[in-house]
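[1] What follows is a predicted structure for the sequence shown.
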Amino acid sequence: MDGSFCDYEKADKDDFLKQLYDIGVRNMEMESAGVLAMALRVGIKGKSARVGSCG
């Protein structure tokens, strides 16, 4: 959530993270989401794929 582009205040980030925590989220792997968001922001098309399985 903290990256090259930041269009929100710290309080907004904290509120969002609290909402996630309240619904049970305890971990986020966001590398691909961050890369895709940055690509979209600067006008580059991007794609993400999940390979493999967990557990």
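    Received the coordinates, thanks.

[2] Check which helix or strand residue 5 maps to.
    Under DSSP states H and E, no helix or strand contains residue 5.

[3] ok, now which ones touch it?
    37, 38, 41 (Cβ atoms under 8 Å, 6 or more residues apart in numbering). In this view, the C-beta of every residue, glycine as well, is placed from N, C-alpha and C.

[4] and of those residues, the nearest to residue 18?
    Distances from residue 18 to the contacts of residue 5, taken as Cβ to Cβ, are shortest for residue 37 (21.1 Å).

[5] Count the neighbours of that closest one for me.
    14 (other Cβ atoms under 10 Å).

[6] Helices along this protein, start to end?
    Using DSSP state H, the helices of the chain run over residues 10-22, 31-41.

[7] for the ones you listed, which one ends up most surrounded?
    When the helices of the chain are scored by mean count of other Cβ atoms under 10 Å, the highest mean neighbour count falls to helix 31-41 (a mean of 13).

[8] Return that one as PDB; C-alpha atoms alone will do.
    Taking C-alpha atoms only, helix 31-41 is exported to PDB below (Å, rounded to 0.1, in the frame of the first residue of the first chain):
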ATOM      1  CA  GLU A  31       3.600  -7.900  -5.400                       C
ATOM      2  CA  SER A  32       1.700  -8.500  -8.600                       C
ATOM      3  CA  ALA A  33      -1.200  -6.200  -7.600                       C
ATOM      4  CA  GLY A  34       1.300  -3.400  -7.000                       C
ATOM      5  CA  VAL A  35       3.100  -3.900 -10.200                       C
ATOM      6  CA  LEU A  36      -0.100  -3.900 -12.200                       C
ATOM      7  CA  ALA A  37      -1.400  -0.800 -10.400                       C
ATOM      8  CA  MET A  38       1.800   1.000 -11.200                       C
ATOM      9  CA  ALA A  39       1.600  -0.100 -14.800                       C
ATOM     10  CA  LEU A  40      -2.000   1.000 -15.100                       C
ATOM     11  CA  ARG A  41      -1.100   4.400 -13.600                       C
END
